[in-house]
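Colleague: Sharing a model that was predicted from the sequence below.
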Amino acid sequence: MPTARVRRIEPEEVAAVLTAFINTSIMARGHPLQPDDDLELAGLDSMALLKVLLFIEAEFGFWIPDEDLVQETVRSPRTLALYICRRRRQA
Amino acid sequence: MPGRRLPLRGADLVLIAMHSLCKGRDVSSNTLLVVECDGPIAPERIRRALDRLLDFCPWPAARLRRPFPWGRLHWAAGPRAALVPPPVRHRSVASREELHAELESELSSVIDPRRDPPLRFLIVDCGPEPARGHGVLVLTWFHPLMDPRGGQNLLRHLARFDQEENQATPRGAPWAFTPQPDPRPLRERGRLARQSVHYMRTLTAVAPVSPGTGLISPGRARFRQESFVERDPQAAGSRAMREICWRLALVGRAMAELWERRGLPDVPFLVPIAVDLRPKGDPGPTFGNVLAFHFARFKPSETANVAALASALRRQMADAVRDGQIEANSVAMEFLQYRPLSMMLRDLPGTSERETFSFNCADVMDFPAVLGSAFGRRIVNAYHAPAVLPRPGIGVFFNRCATRSNLVVSWIEGAAAEDEVGRIVEVVREGMGWTRIP
């Protein structure tokens, strides 16, 4: 079971997990992303974003609904992390 | 250096196999990359850069070969001394209409890759004499040589050679011009390929219908391009509108209108959606095909609510990724190189009716920001315009260059009419909330 599901986690930690996933699964070697980098500017296309959403579903246990797929949420690993932590607090 | 070979892979082979559905006709498989600059471009600079490129990469001068009818199709290039750079032609036009006629002529003038170079350049000086206002660089290639991102990469390499004209070797890391082979064992790849074939057979129960259905004598390849700006890129919902699922849903609505006007049946659309397999942040390979495909399915009658359809298409795509179908497709496409062309289309739905897809739709994404200028000129706009096959006969393509959103509708004369294309552009423009750039 993913550890993220069984304990309280901080946005910083979530951002690190997301950044690590993106860097290993989506970005080219030698072109690492930082937690505050803009995902769109980094070249993440629709399919890459979908992979991130699927990772969030697998790791944090929920699917981000369409209405929340706004720039403020999906701009960077950190904005996604803030959203994830907010959702988990509400749950 | 001995002769070199680059086997064709994936979607390139499928495209060539699809030509067999249009037997006896000269069908264009050209793709254009049109680059508008703030002044005329010197053809000599392109010629010199191309010549330099051939020192490192032979494929712009290659020819398509197959040793035997059952042999693997491949690009073949001789030793460096035997390589002739592709042609760079130069024209002048006085109006936008003349320019568009030149571009459509480029799109329609068939490249025979067995005899001709697989790509060519056209430089157009635009504007009334004597002061030519701006320049347009047109890269035309036989689509199975490279995908759209590959075309951009080629331009990037040429621009760099132009900049570093006096350097003996290019600076920075060595370039990988072609994709690396899949390192996974044959057994594992075989399993994935079989999984994909099985999946393909379940995609649709009935053959799709397209605007090209029943077209007896297809005409020229045509296209219409318009540029727009987003009214407010930061507005709520604008991020979702940049996703392919939203754009496909919107194009679907425009097509559904066309279907209704023509009285075409409400059978599900089948639309191939290209997935660029290149890791992000790096240009990646130039030549060869680095795409896998997802197959979107939805009915014309489901397009009334674009937001709901976009959501359904996203779920469909998520399921395909979750089930490993995109990965399996990329492997299956690789395996096609071991199959005779005549057998290649067996697993595509509808090919027995000579029908493959309902229409084409793709988002080529952003023109690389590093190509803000090239060959001594500032790049003002750039877009892709691929020819579509007589069936489906029409395709809608999105691409962005800096703040400009470009929409290209490409069609085959006879499959669609200009007013129908104009209506498609309008439906998409309205749905995207775009403002037209004159």
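Modeller: That came through, no problem.
Colleague: how close does B:Ala94 get to B:Val124?
Modeller: Here the criterion is C-beta to C-beta, to the nearest Å. By it, B:Ala94 lies 11 Å from B:Val124. C-beta coordinates here come from the backbone N, C-alpha and C atoms, glycine included.
Colleague: okay, those two: which has more neighbours?
Modeller: B:Val124 (24 against 13; other C-beta atoms under 10 Å in any protein chain shown).
Colleague: Surely the more buried one touches B:Glu106?
Modeller: No - here B:Val124 does not reach B:Glu106: they are 9.6 Å apart, not a contact under C-beta atoms under 8 Å.
Colleague: any idea of the pLDDT on B:Leu348?
Modeller: Looking at B:Leu348, its pLDDT reads 68.
Colleague: near chain B, which residues of chain A show up?
Modeller: For chain A, the contact set with chain B under C-beta under 8 Å from any C-beta of the partner chain comprises A:26-31, A:33, A:40, A:42-51, A:53-54, A:63, A:66, A:69-71, A:74.
Colleague: how about a cut-off of 7 Å?
Modeller: Applying C-beta under 7 Å from any C-beta of the partner chain, one finds that chain A approaches chain B through A:26-28, A:31, A:42-48, A:50-51, A:54, A:66, A:69-71, A:74.
Colleague: What subset of these is buried?
Modeller: If you count burial by 16 or more other C-beta atoms under 10 Å in any protein chain shown, the buried members of those come out as A:26-27, A:42-48, A:50-51, A:66, A:69-71, A:74.
Colleague: Just the element for B:Pro40, please.
Modeller: Under the assignment given by DSSP states H and E, B:Pro40 is not contained in any helix or strand.
Colleague: Now do the phi/psi pair for it.
Modeller: The phi/psi pair for B:Pro40 (degrees, to the nearest 10) reads phi -60, psi 150.
Colleague: wait, it sits on B:Asp125?
Modeller: Yes - using C-beta atoms under 7 Å, B:Pro40 is in contact with B:Asp125, at 4.6 Å.
Colleague: Quick check: which ranges of the chain have low pLDDT?
Modeller: Picking chain A for this. Low-confidence segments of chain A, defined by pLDDT under 70: A:1-7.
Colleague: oops, chain B please
Modeller: Using pLDDT under 70, chain B drops low at B:1-3, B:23-24, B:129-132, B:168, B:172-174, B:233-234, B:236, B:347-354.
Colleague: For it, which residues are neighbours of chain A?
Modeller: Neighbours of chain A within chain B, by C-beta under 7 Å from any C-beta: B:234, B:236-240, B:243-245, B:275-276, B:279-282, B:311, B:314, B:317-318, B:321-322, B:365.
Colleague: What subset of the residues you listed is buried?
Modeller: B:238-240, B:243-245, B:275-276, B:279-281, B:311, B:314, B:317-318, B:321, B:365.
Colleague: Excluding chain neighbours, give the residue nearest to B:Asp26 in space.
Modeller: What sits nearest to B:Asp26 in space, not counting adjacent residues and going by C-beta to C-beta, 6 or more residues apart in numbering or on different chains, is B:Val110, at 4.8 Å.
Colleague: Name the residues of the longest helix belonging to chain B that come out as buried.
Modeller: Counting by DSSP state H, the longest helix found in chain B is helix B:244-262. For helix B:244-262, a neighbour-count test (16+ other C-beta under 10 Å) marks B:244-259 as buried.
Colleague: Check what contacts that helix and list those residues.
Modeller: Applying C-beta atoms under 7 Å, 6 or more residues apart in numbering or on different chains, the external contacts of helix B:244-262 come out as A:46, B:211, B:240, B:269, B:271, B:273, B:296, B:298, B:300, B:303, B:306, B:309-310, B:313-314, B:317, B:359, B:361, B:363, B:396, B:398, B:420, B:423-424, B:427-428, B:431-432.
Colleague: Quick check: next helix or strand after it?
Modeller: Note on helix B:244-262: by DSSP H and E, the next helix or strand toward the C-terminus is strand B:269-276.
Colleague: From the chain's centroid, how far away is that following strand?
Modeller: 12 Å (C-alpha atoms, centre = their mean, to the nearest Å).
Colleague: Partner strands of that strand, with direction?
Modeller: strand B:291-298 (antiparallel) (DSSP bridges).
Colleague: In terms of secondary structure, what does the helix or strand that the strand it pairs with is followed by contact?
Modeller: With elements assigned by DSSP H and E, the helix or strand that comes after strand B:291-298 is helix B:306-322. Identification of packing neighbours for helix B:306-322 by 3 or more C-beta pairs under 7 Å, 6 or more residues apart in numbering or on different chains; DSSP states H and E yields helix A:46-60, helix B:244-262, strand B:291-298.
Colleague: now the last one and helix B:306-322, what's the angle there?
Modeller: Yep, that's strand B:291-298 we're talking about. 140 degrees (axes from the mean of the first three to the mean of the last three C-alpha atoms, to 10 degrees).
Colleague: check which helix or strand covers B:Asp419.
Modeller: helix B:418-432.
Colleague: mind listing the helices for the stretch 51-200 of chain B?
Modeller: For the stretch 51-200 of chain B, helices defined by DSSP state H, counting those that start in this stretch occupy the ranges B:96-108, B:148-163, B:186-201.
Colleague: could you list every residue that touches the residue of the stretch 301-438 of chain B found nearest chain A?
Modeller: In the stretch 301-438 of chain B, the residue that lies nearest chain A is B:Ser311 (4.7 Å; C-beta to the nearest C-beta). Applying C-beta under 7 Å, 6+ apart to B:Ser311 gives the contacts A:Asp66.
Colleague: just B:Val136 next, same as before
Modeller: Neighbouring residues of B:Val136 by C-beta under 7 Å, 6+ apart: B:34-37, B:99, B:124, B:126.
Colleague: which of these count as buried?
Modeller: B:34-37, B:99, B:124, B:126.
Colleague: Make a markdown table out of the residues you listed and add distance to B:Ala207.
Modeller: Formatted as a markdown table, these follow (distance: C-beta to C-beta, whole Å):
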| residue | distance to B:Ala207 |
| --- | --- |
| B:Val34 | 34 |
| B:Val35 | 39 |
| B:Glu36 | 40 |
| B:Cys37 | 45 |
| B:Leu99 | 39 |
| B:Val124 | 41 |
| B:Cys126 | 44 |
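Colleague: from those residues, which is closest to chain A?
Modeller: Using C-beta to the nearest C-beta, B:Val35 comes nearest to chain A of the buried ones among the contacts of B:Val136, at 19.7 Å.
Colleague: three-state assignment of the closest one?
Modeller: Following DSSP: H, G, I helix; E, B strand; the rest coil, the label given to B:Val35 is strand.
Colleague: Please verify my assumption that it contacts B:Gly135.
Modeller: No - the pair B:Val35 / B:Gly135 is not scored as a contact, 8.9 Å apart, by C-beta under 7 Å.
Colleague: which residue sits closest to residue 14 in space, ignoring its chain neighbours?
Modeller: Using chain A. Using C-beta to C-beta, 6+ apart, the closest residue to A:Val14 is A:Ala81 (3.7 Å).
Colleague: You answered for a different chain; I wanted chain B.
Modeller: Closest to B:Val14 by C-beta to C-beta, 6+ apart is B:Met344, at 6.4 Å.
Colleague: quick one on the thing from earlier: the residue nearest to A:Val14 looks like it's in a helix, true?
Modeller: Yes - remark: A:Ala81 belongs to a helix, assigned using three-state DSSP.
Colleague: Please verify my assumption that it contacts A:Ala15.
Modeller: Yes - look at A:Ala81 against A:Ala15 with C-beta under 7 Å: they come within range, at 3.8 Å.
Colleague: now for the buried ones among the residues of chain A next to chain B, which pair is the farthest apart?
Modeller: The most widely separated members of those are A:Met27 and A:Asp66, with 25.2 Å between them, by C-beta to C-beta.
Colleague: Quick check: phi and psi on the residue of chain A positioned farthest from its centre?
Modeller: Distance from the C-alpha centroid of chain A, by C-alpha atoms, centre = their mean, peaks at A:Gly30 (20.2 Å). A:Gly30 adopts backbone torsions of phi 90, psi 0, taken as degrees, to the nearest 10.
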